[in-house]
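Q: I'd like to go over a predicted model; first the sequence, then the structure.
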Amino acid sequence: MKFKLQHTDKSTSARAGEITTDHGTIQTPIFMPVGTVGSVKGVHFRDLRDDIKAQIILGNTYHLYLRPGMDIIKAAGGLHKFNGWERPILTDSGGFQVFSLSKIRKLSEKGAEFRSHIDGSKHFFTPENVVDIQRIIGADIMMAFDECPPSTAEYNYAKKSMELTHNWLKRGVKRFKETEPLYGHSQAYFPIVQGSVFRDLRTKSAEFISEQECEGNAIGGLAVGEPAEVMYEMIELVNGILPIDKPRYLMGVGTPENILEAIALGVDMFDCVMPTRNGRNGMLFTRKGILNMKNNKWKDDFTPVDPDGTSFVDHHYTKAYLRHLFVAKELLAAQIASIHNLSFYLWLVGEARKHIMEGDFGLWKASMVKEVSRRL
């Protein structure tokens, strides 16, 4: 994997760059649709490629490990062959899922014992076997196994959690270096900065992660309940330490406003379930604000979904029609909303990139934040 930094905004820390992988090039800043089990929920890859224009999608090690399992994915020749997605894939290590989905789990220096949320069966993740699993999945970008503490974690817990993550990282880096890709394409390995909302822990973690000299770096443990202002403070602190010449991935964030603010602070990569999950529940993000498509006010509004007179989906899908589909609990409603929201998110980061390159990102972002955060 290669990263080329192309331009940095003068009034902010926003960056435009290019990540090159064996499955294609990614222009940053970029948003990655979440394809947890090898699919983006309710969305065809045809739509992801042609309409949404996704350059990379995300899969999840925990979910793919449990179902369909590594034997099936390996027999298929990796996830790209299994699901037919020919562009880059990033896999989360599964750490967040182990700690959020599994009600019975035991942590130790060795790793994490957990029970499947599907059938209750017992499993064990270590920094080493999580590398091995991601080798079998064949993702272009692999994540290190970490613990993600809750936002309410007290200082001592957050410190021990960070130290555990660092110890696991050293073992994961060693395993990554002593193993090879299985399918003829290269794989990169990203460590994850932790430390909760404590400045000294975030500083120490960012310094330690930087010392590993991996091909890119991630910021984890944010957008888990802390105030947005605290999240931005942590991002700014960490990005002031992480190397300039490596891509920076903010995990699990967020709203359009969050993404714009984080881009201004120097983040390059994002993922979040919000555009699809919220879309399935009737929330649409647009250039002029946020719509709840279940509201009665849209029942006789025959204009396109996006209020500026255009739409990220077929213009025949009016607000009135989409509201009707949601009220009728028609599956097509969730599909239209998911495609619209993902298209909007990819449009938003694409516009951010354009304005960074043109040199007026700061002004554009200030006006755009007001627009996209408005409730319509």
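A: Sure thing, it's come through.
Q: what's near enough to touch residue 223?
A: Residue 223 sits next to 231, 252, 253, 254, 258, 272 when contact means CB atoms under 8 Å, 6 or more residues apart in numbering. C-beta coordinates here come from the backbone N, C-alpha and C atoms, glycine included.
Q: relative to residue 329, how far out is it?
A: From residue 223 across to residue 329, the span is 30 Å (CB to CB, to the nearest Å).
Q: repeat for residue 304
A: From residue 304 to residue 329 the distance is 23 Å (CB to CB).
Q: the two - which one has more neighbours?
A: Using other CB atoms under 10 Å, the more surrounded residue of residue 304 and residue 329 is residue 304, with 20 against 8.
Q: could you give the bridge partners of that one?
A: residue 318 (DSSP bridges).
Q: now the residue sitting nearest the centre point of the chain. Nearest residue, chain neighbours left out?
A: In the chain, the C-alpha nearest the mean C-alpha coordinate belongs to residue 271, at 1.8 Å (CA atoms, centre = their mean). Of all residues not flanking residue 271 in the chain, residue 32 sits nearest, at 4.3 Å (CB to CB, 6 or more residues apart in numbering).
Q: ok, that neighbour touching residue 268?
A: No: contact criterion CB atoms under 8 Å: residue 32 and residue 268 do not qualify, at 11.0 Å.
Q: give me the contact list for stretch 118-126.
A: Contacts of stretch 118-126 with the rest of the structure, by CB under 8 Å, 6+ apart, involve 62, 65-67, 94-95, 98, 110-116, 145, 168, 171.
Q: quick one: which of those sit in helices?
A: Among the contacts of stretch 118-126, the ones falling in helices (DSSP state H) are 62, 65, 66, 95, 98, 168, 171.
Q: so can I have TSV of these showing pLDDT?
A: Listed next are the ones in helices among the contacts of stretch 118-126 as TSV, based on pLDDT from 0 to 100:
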residue	pLDDT
62	95
65	97
66	96
95	83
98	82
168	98
171	98
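Q: quick one: which of these is nearest to residue 354?
A: Among the ones in helices among the contacts of stretch 118-126, residue 95 lies closest to residue 354 (CB to CB), at 34.4 Å.
Q: and that closest one, how close does it get to residue 221?
A: In this view, residue 95 and residue 221 are 10 Å apart by CB to CB.
Q: and residue 322, by the same measure?
A: 36 Å.
Q: ok, the residue of the chain positioned farthest from its centre - contacts?
A: Most distant from the centre of the chain: residue 300, at 36.0 Å, with distances by CA atoms, centre = their mean. By CB under 8 Å, 6+ apart, residue 300 lies in contact with residue 320.
Q: and it, backbone torsions?
A: Per-residue torsions, residue 300: phi -130, psi 30 (degrees, to the nearest 10).
Q: look at residue 290 and give its secondary structure.
A: Look at residue 290: counting by DSSP: H, G, I helix; E, B strand; the rest coil, its state is strand.
Q: also the one 4 residues further on?
A: Secondary structure for residue 294, judged by three-state DSSP, is coil.
Q: contact partners for the residue lying closest to it once chain neighbours are set aside?
A: Nearest non-adjacent residue to residue 294, counting by CB to CB, 6+ apart: residue 282, 4.4 Å away. Contact partners of residue 282, counting by CB under 8 Å, 6+ apart, are 292, 293, 294, 326, 333, 337.
Q: the first one is in contact with residue 283, isn't it?
A: Yes: with the criterion set as CB under 8 Å, residue 292 and residue 283 qualify as a contacting pair; they are 6.0 Å apart.
Q: what's the least confident helix or strand in the chain by mean pLDDT in contact with?
A: Of all helical and strand segments in the chain, the minimum by mean pLDDT, DSSP states H and E falls on helix 95-101, at a mean of 80. Here helix 95-101 makes contact (CB under 8 Å, 6+ apart) with 60, 62-63, 105, 112, 114, 117, 125, 143, 145-148, 192, 220, 251-252.
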